[in-house]
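S.K.: based on what follows, work out the 3D shape:
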Amino acid sequence: MANIKESIRTFKDKFLQQGIELKEAFNSLAGDAIVQVFYSQNRENESPLCIEKGNCHHVPILGIKFRMQSGRKILLYDSNSFSDYGGTCGIDIKELEVITLIEGQEEMSADYQWRDLVNVKIKYIKLIWLDDDGWEVPGEVNKSMGIFPHGIEMKFENGRTIFILVAEPDGYDEAEERYNYLRGGEELIIAFNEIAAKKQKLIIEGIDLEL
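M.R.: The predicted structure is shown next:
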């Protein structure tokens, strides 16, 4: 694994402005409230995964769409914006002109996990940064692929906290009663509480990245 200070220095040399802009984009949601949420929990001809007794939702395609109280329309999705090699996907955000539902996406606002979160103001959003040491750069064995935004911690004014992370389920571990995950994959997981996120080992100690 590359030295963490070296990884941070490399990240800031390449992606500092991009990182600041991502942080500001997520911070701009603070004080606003989600009024509708849309996503798909399964691909066509596949059944949804039941993760942590429904306390985690798997979003395998097309990201998560929010309609905000302010009228803004937001897409959270995976991208490889912070990778020179295209292999590591991190969380990203962009504004939409319209919300169009495709490929099984549906409104989830009335789901029991979201009922206490819609129409509640967001207190803050914190980016979770990881240093990806799971890839090898061609010709540079054991060199980190770099720091990337693994996901977000979203805190609401009612005290609830959820985590939205880029993580791809990769088989079920019967002994530990949890899924294995490819971090930086191309899918999203929503963990509706910290206990579920930790039990699934979805959140690990990140990097204190000052931007």
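S.K.: where does this structure have low pLDDT?
M.R.: 1-2, 85-88, 133-145 (pLDDT under 70).
S.K.: the helices in it, which residues?
M.R.: 4-27, 194-199 (DSSP state H).
S.K.: bridging residues for the closest residue in space to residue 194 that isn't next to it in sequence?
M.R.: Leaving aside its chain neighbours, residue 194 sits nearest to residue 161 (6.3 Å; criterion: Cβ to Cβ, 6 or more residues apart in numbering). C-betas here are computed from N, CA, C, even on glycine. Residue 161 forms beta bridges with residue 155, as assigned by DSSP bridges.
S.K.: counting neighbours, what do you get for residue 161?
M.R.: 16 (other Cβ atoms under 10 Å).
S.K.: any idea which of the helices of the chain is most buried?
M.R.: Greatest average neighbour count among those goes to helix 194-199 (a mean of 17), per mean count of other Cβ atoms under 10 Å.
S.K.: quick one: the residue nearest to residue 194 and residue 155 touch, right?
M.R.: Yes: counting by Cβ atoms under 8 Å, residue 155 is a contact partner of residue 161 at 5.0 Å.
S.K.: can you show me the strands along this protein?
M.R.: 34-39, 56-59, 64-68, 73-79, 90-95, 106-107, 122-132, 146-156, 161-173, 178-191 (DSSP state E).
S.K.: okay, the ones you listed in TSV with distance to residue 204 next?
M.R.: Putting the strands of the chain into TSV (distance: least, Cβ to Cβ, whole Å) gives the following:
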stretch	distance to residue 204
strand 34-39	24
strand 56-59	15
strand 64-68	22
strand 73-79	18
strand 90-95	15
strand 106-107	31
strand 122-132	7
strand 146-156	9
strand 161-173	10
strand 178-191	8
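S.K.: how about the nearest residue to the residue nearest the centre of the chain, chain neighbours excluded?
M.R.: With distances taken as Cα atoms, centre = their mean, residue 165 lies nearest the centre of the chain, 2.7 Å away. The shortest distance from residue 165 to any non-neighbouring residue, by Cβ to Cβ, 6+ apart, is to residue 151 (3.3 Å).
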